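Peer 1: Quick one, structure for this:
(chains A and B)
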Amino acid sequence: MKRILGERKLYLFLLVLSMVIFPFLVGQSGYFMSLFVTACIFVISAMALNLLVGYGGQISVGQAGFLSAGGYAVAILSQKFGLSIWLLLPLAGVITAIISLVIGLPAVRLRGHFLAVATMGFGLSIPQIALNWESLTMGYNGMSVMRPPWLSGDLPFFYLIVVTTLVVAWIITNIVKSGMGRAFVAIRDSEVAAQATGINVAFYKTIMFVISAFFTGIAGGLYAYWFGYVSPQDFTILTSLLILGMVVVGGLASIPGAVIGAVLFTVIPHFTDAFIGVTNIVIGIAIILIIMYRSEGLVSLVNHVRVPGKDDRVKGGV
Amino acid sequence: MQIIVSGLIFGFVYGLAALGLVLIYKTTDIVNFAQGEMAMVTTFMSFVLLSQLGMPYFVAFALALLFAALFGMIIYHVFMKRVQTSPPLNQMVLTLGLFLVINGIAGLIWGYHPRSYPEAFAGDPFQIGSVFITFNELFMVGLTFILMLVFYLIFRYTRIGLAMRASSQDMVAAELMGIKVSHVFMSAWAIGAVLGGVAGIMTAPFIFLNTTMMMDILIMAFAGAVIGGFISLPGAVVGGLIVGVYENLVSYYIAPELKMVYTFILIIVILYVRPQGILGGPKFVKKV
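Peer 2: Reported below is the predicted structural model:
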């Protein structure tokens, strides 16, 4: 036990170290830093979705809607009111969480594919609203977002994103280990049994969506700040599918799994973008192969190497 | 009136696509997100036969549907059969993977330029009462109607239909009763693909042929299927019709760009009031 714990700390240390020195490894190249930031944004989104899908057993195909909402929240509030970034990032999360109630409240009564279709409708609707509510979102043109002067350099902002990602990962890890996390798992495994043991299923299902949306909204806000621009085409239904793919490919109900999936799906386009259309084929094939031959996700390979049975991951699927 | 009739005509197409989805779901318990892309490939096949090989419309139509049936069988045999007992989420994500692959390959083969697709019958619209209809639209409705009836009768009264219903209720018991479950599932996939293909060929003249053409149709078909309850065949058609009319009314009276948003609101409202859909039965809470 001691040995494994030590190993885990070592892994974490190496991960953080590589995140810190990354900009210098690539010579502060804007392209690679953007790639890394995109990976961080997807890591946050995938972890948030994993809370919903992996731990809570609620399918969501509309995660991109939350990303858009977070991005637009930052863009609109910073343009209209000029609030500071420290206020805006949490606010992006809060606003997205409030929007998520639109889907979180009915989700209490929905299951399986009904929920999938409802969330898909949500994910499709947000870009449509952004496109057509021109007085607020400037429609097709998108909106530009200014970073505060002291963060205008890429390097400080890069570290802000890295720190945010780590903090979110830490919070989500703790949520999963808390009583709330166990309630989520109980609901996933059997709603009836969860209710019988005194878990307020309706409350926890709603709160699941709210928490997931909160973190995804923050990721959307980071995206808006980093690229300095949001438009309705940023996060489409394909993004939602990709995030779901990341969670499943990486490994359900596993935080390292979400990280692996998110990084993998961000890196694949980097190698395949030269050929139009190939990206989707490669990602699709990756998804198919993993579902067919390693349905527990890539993280099960890592766990296989470690001593089996000593892992504190909550096992099982939806 | 005109708006409602046009809505109904589109509703039939959505109903057809929804029927394919529901049939596959009802029989094999898989929600097929690749349905739209399979239909898109079928439509492209018919286009190739039609315009590049110069076949007559109905020959091309029939051959394309044959292709669709084969395609459905291959998808089932190569991919779906292996995950038949996996958790539903895995199956769903697998169809999402297929969606990406099929879409990507179609893009490589046929490119990304939209092309115009011929109608089955050319001709000016004529008037019935205060409504204008074209022959092509009549053909669409008629064909949809016949197909629905045929598949409903097959499902209800033939041996293969009985086998489908048995397998959908209990795979193991059906197998023990001597039903070749894998054949039944394969035929469900074949029929589902054909229904989707017909929907694709019917809509192609209105929205141009391209690799993303079926996205909207698929989403509307999903909406129709969900509203209908997802396990009811008549429900799928009714749901499709509701979505078609509703969408047209929204386009006309509010804004055509917002029809997706309003359809989403409709889904949420209907499912909030009736979580199992309008015609959905109590096929819930299987295990504790």
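Peer 1: For the chain, which segments count as helices?
Peer 2: Looking at chain A here, since you left the chain open. For chain A, the helices defined by DSSP state H cover A:2-25, A:30-50, A:63-80, A:85-107, A:112-132, A:134-137, A:154-177, A:179-189, A:191-196, A:201-227, A:237-250, A:255-272, A:278-293, A:299-305.
Peer 1: Wait, chain B was what I had in mind.
Peer 2: Going by DSSP H, chain B shows helices at B:2-28, B:35-47, B:57-78, B:88-110, B:135-157, B:159-169, B:171-176, B:181-207, B:213-228, B:233-253, B:259-273.
Peer 1: now those helices as JSON lines including mean neighbour count and mean pLDDT?
Peer 2: C-beta: built from backbone N, CA, C; applies to glycine. Output for those, formatted as JSON lines (neighbours: other Cβ atoms under 10 Å in any protein chain shown; pLDDT from 0 to 100):
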{"stretch": "helix B:2-28", "mean neighbour count": "25", "mean pLDDT": "84"}
{"stretch": "helix B:35-47", "mean neighbour count": "26", "mean pLDDT": "88"}
{"stretch": "helix B:57-78", "mean neighbour count": "18", "mean pLDDT": "88"}
{"stretch": "helix B:88-110", "mean neighbour count": "22", "mean pLDDT": "85"}
{"stretch": "helix B:135-157", "mean neighbour count": "16", "mean pLDDT": "83"}
{"stretch": "helix B:159-169", "mean neighbour count": "17", "mean pLDDT": "81"}
{"stretch": "helix B:171-176", "mean neighbour count": "14", "mean pLDDT": "82"}
{"stretch": "helix B:181-207", "mean neighbour count": "25", "mean pLDDT": "85"}
{"stretch": "helix B:213-228", "mean neighbour count": "27", "mean pLDDT": "83"}
{"stretch": "helix B:233-253", "mean neighbour count": "22", "mean pLDDT": "86"}
{"stretch": "helix B:259-273", "mean neighbour count": "19", "mean pLDDT": "82"}
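Peer 1: Tell me which of these sits nearest to residue A:181.
Peer 2: For residue A:181, the closest of the helices of chain B is helix B:88-110, at 18.9 Å, according to Cβ to Cβ.
Peer 1: From what I see, residue B:165 and residue B:157 are in contact.
Peer 2: No - contact between residue B:165 and residue B:157 fails when scored by Cβ atoms under 8 Å: they sit 11.1 Å apart.
Peer 1: Right, and chain B sits closest to which residue of the stretch 101-250 of chain A?
Peer 2: Going by Cβ to the nearest Cβ, chain B is nearest to residue A:121 of the stretch 101-250 of chain A, at 3.5 Å.
Peer 1: So what's the residue count around that residue?
Peer 2: Counted with other Cβ atoms under 10 Å in any protein chain shown, residues neighbouring residue A:121 total 27.
Peer 1: Can you give me every residue that contacts it?
Peer 2: By Cβ atoms under 8 Å, 6 or more residues apart in numbering or on different chains, the contact list for residue A:121 reads A:62, B:219, B:223, B:260, B:263, B:264, B:267, B:268.
Peer 1: re the thing from before, could you dump the helices of chain A to TSV with mean pLDDT?
Peer 2: Shown next, in TSV, are those (pLDDT from 0 to 100):
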stretch	mean pLDDT
helix A:2-25	72
helix A:30-50	89
helix A:63-80	89
helix A:85-107	87
helix A:112-132	83
helix A:134-137	75
helix A:154-177	88
helix A:179-189	88
helix A:191-196	87
helix A:201-227	90
helix A:237-250	87
helix A:255-272	85
helix A:278-293	85
helix A:299-305	69
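Peer 1: Tabulate those helices (CSV), appending distance to residue B:232.
Peer 2: Converted to CSV, those look like this (distance: least, Cβ to Cβ, whole Å):
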stretch, distance to residue B:232
helix A:2-25, 50
helix A:30-50, 31
helix A:63-80, 29
helix A:85-107, 21
helix A:112-132, 13
helix A:134-137, 39
helix A:154-177, 38
helix A:179-189, 27
helix A:191-196, 23
helix A:201-227, 26
helix A:237-250, 26
helix A:255-272, 36
helix A:278-293, 29
helix A:299-305, 38
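Peer 1: Find the nearest non-adjacent residue to residue A:129, please.
Peer 2: Spatial nearest neighbour of residue A:129, chain neighbours left out: residue B:261 (5.9 Å); criterion: Cβ to Cβ, 6 or more residues apart in numbering or on different chains.
Peer 1: Pretty sure the one you found sits against residue A:125.
Peer 2: Yes - taking contacts as Cβ under 8 Å, residue B:261 lies within contact range of residue A:125: 4.4 Å.
Peer 1: what's near enough to touch the residue lying closest to residue A:164 once chain neighbours are set aside?
Peer 2: Nearest residue to residue A:164 in three dimensions, chain neighbours excluded: residue A:222, at 6.4 Å (Cβ to Cβ, 6+ apart). Residue A:222 is in contact with A:37, A:40, A:41, A:44, A:89, A:161, A:164, counting by Cβ under 8 Å, 6+ apart.
Peer 1: again, but for residue A:233
Peer 2: Counting by Cβ under 8 Å, 6+ apart, residue A:233 touches residue A:127.
Peer 1: mind checking the backbone torsions on it?
Peer 2: Per-residue torsions, residue A:233: phi -90, psi 0 (degrees, to the nearest 10).
Peer 1: What distance do you get for it to residue A:68?
Peer 2: 10 Å (Cβ to Cβ, to the nearest Å).
Peer 1: Now for these two: what residues contact both?
Peer 2: Counting by Cβ under 8 Å, 6+ apart, the shared contacts of residue A:233 and residue A:68 are residue A:127.
Peer 1: Enumerate every residue touching the closest residue to residue A:139 other than its chain neighbours.
Peer 2: Using Cβ to Cβ, 6+ apart and skipping the chain neighbours, the partner closest in space to residue A:139 is residue A:131 (5.6 Å). Residue A:131 is in contact with A:137, A:139, A:140, A:232, B:257, counting by Cβ under 8 Å, 6+ apart.
Peer 1: burial of the nearest residue to the first one once chain neighbours are set aside, as a residue count?
Peer 2: Read it as residue A:137. Excluding its sequence neighbours, the residue lying closest to residue A:137 (Cβ to Cβ, 6+ apart) is residue A:130, at 4.7 Å. Using other Cβ under 10 Å, residue A:130 is surrounded by 28 other residues.
Peer 1: My understanding was that residue A:130 contacts residue A:138; is that so?
Peer 2: No - Residue A:130 is beyond contact range of residue A:138, at 9.2 Å (criterion: Cβ under 8 Å).
Peer 1: Spell out which parts of the stretch 51-200 of chain B neighbour chain A.
Peer 2: B:79, B:82-83, B:86-90, B:92-94, B:96-105, B:107-108, B:112 (Cβ under 8 Å from any Cβ of the partner chain).
Peer 1: so what's the nearest residue to residue A:59 once chain neighbours are set aside up against?
Peer 2: Distance criterion Cβ to Cβ, 6+ apart; nearest residue to residue A:59, sequence neighbours excluded, is residue A:116 at 4.6 Å. Going by Cβ under 8 Å, 6+ apart, residue A:116 touches A:59, A:60, A:61, B:31, B:92.
Peer 1: now, among these, which is nearest to residue A:209?
Peer 2: For the contacts of residue A:116, the nearest to residue A:209 is residue A:60 (7.8 Å; Cβ to Cβ).
Peer 1: I'd like the distance between that closest one and residue A:37.
Peer 2: Applying Cβ to Cβ, the value for residue A:60 to residue A:37 is 23 Å.
Peer 1: And residue B:236, by the same measure?
Peer 2: Separation of residue B:236 from residue A:37 (Cβ to Cβ): 44 Å.
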